[in-house]
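1. next come a sequence and a model predicted from it.
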Amino acid sequence: MSLLIISTSLNPESKSAILAKEAQGAANAWGLESNFLDLRDYDLPLCDGDSAYSHPDLSKISGILSACSGVLLAFPVYTYGAASATKNLFELAGKSIQGKPIGLLAAAGGKNSYMAPLSLANSLMVDYRCPIVPKYVYADGSVFENGSIVDESIKERIVELVKTLDHWAKVL
């Protein structure tokens, strides 16, 4: 049983990657088995409904997704929704997470996009029958400073999310 923590941002200075790394640290601190997948390490093509499905990196990612018991998904919010790289991942490899519990970590520039994770959650629930941990973490730009999280309540919520996702993964 292992959790998979995915950072879906392609930005070299990604704030959602900071959230993902904090979650990885929380999982390690609690002795939970977890793996980390950073989309910046892969060259996924855009989903074209055809040849993209035979890309070698997709096979690697699908295997990693299939092997986990739960997914903690860290993503940036752009224009009030999950960034396109996040959606592209599930367009290409979504069947690999069928029925697996999902926790959400969202990073956005401002406070107004706090409902952005809901459309992604709905898609994951309907398309792939994934149970979604209802308490997601939303962090705006004010909680980050010099490449780290400076808001202790966000860190505490990440720990709670990691523990809850691990529990769901074991129960389900």
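-> That came through, no problem.
2. what does the pLDDT read for residue 172?
-> On pLDDT, residue 172 comes in at 89.
3. what's the answer for residue 1, then?
-> 68.
4. what pairs with the strand ranked longest in the chain, parallel or antiparallel?
-> Looking only at the chain and at elements set by DSSP state E, the strand with the highest residue count is strand 70-78. Here strand 70-78 is paired, per DSSP bridges, with strand 3-7 (parallel), strand 81-82 (antiparallel), strand 102-107 (parallel).
5. so can I have CSV of these showing distance to residue 42 and mean neighbour count?
-> In this view, the C-beta of every residue, glycine as well, is placed from N, C-alpha and C. Converted to CSV, the strands paired with strand 70-78 look like this (distance: least, Cβ to Cβ, whole Å; neighbours: other Cβ atoms under 10 Å):
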stretch, distance to residue 42, mean neighbour count
strand 3-7, 11, 26
strand 81-82, 18, 21
strand 102-107, 19, 26
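6. can you list these in a markdown table and add distance to residue 88?
-> Below are the strands paired with strand 70-78 laid out as a markdown table (distance: least, Cβ to Cβ, whole Å):
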| stretch | distance to residue 88 |
| --- | --- |
| strand 3-7 | 13 |
| strand 81-82 | 10 |
| strand 102-107 | 17 |
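7. could you tell me the least trusted of those strands?
-> strand 81-82 (a mean of 94).
8. center of the protein - which residue?
-> Centroid-nearest residue in the chain: residue 73, 0.9 Å away (criterion: Cα atoms, centre = their mean).
9. now do that residue against residue 97, distance only.
-> Per Cβ to Cβ, to the nearest Å, residue 73 is found 9 Å from residue 97.
10. ditto for residue 35
-> Taking Cβ to Cβ, one finds residue 35 at 14 Å from residue 97.
11. neighbour count winner among those two?
-> residue 97 (25 against 14; other Cβ atoms under 10 Å).
12. work out for me the element residue 19 sits within.
-> Here residue 19, judged by DSSP states H and E, is contained in helix 15-29.
13. what about the helix or strand that that helix is followed by, distance to the chain center?
-> Once the chain leaves helix 15-29, the next helix or strand it forms, by DSSP H and E, is strand 34-38. What separates the centre of strand 34-38 from the centre of its chain is 10 Å, taken as Cα atoms, centre = their mean, to the nearest Å.
14. before we move on, back to that, between the strands paired with strand 70-78, which gets nearest to residue 168?
-> Nearest to residue 168, of all those, is strand 102-107, at 8.2 Å by Cβ to Cβ.
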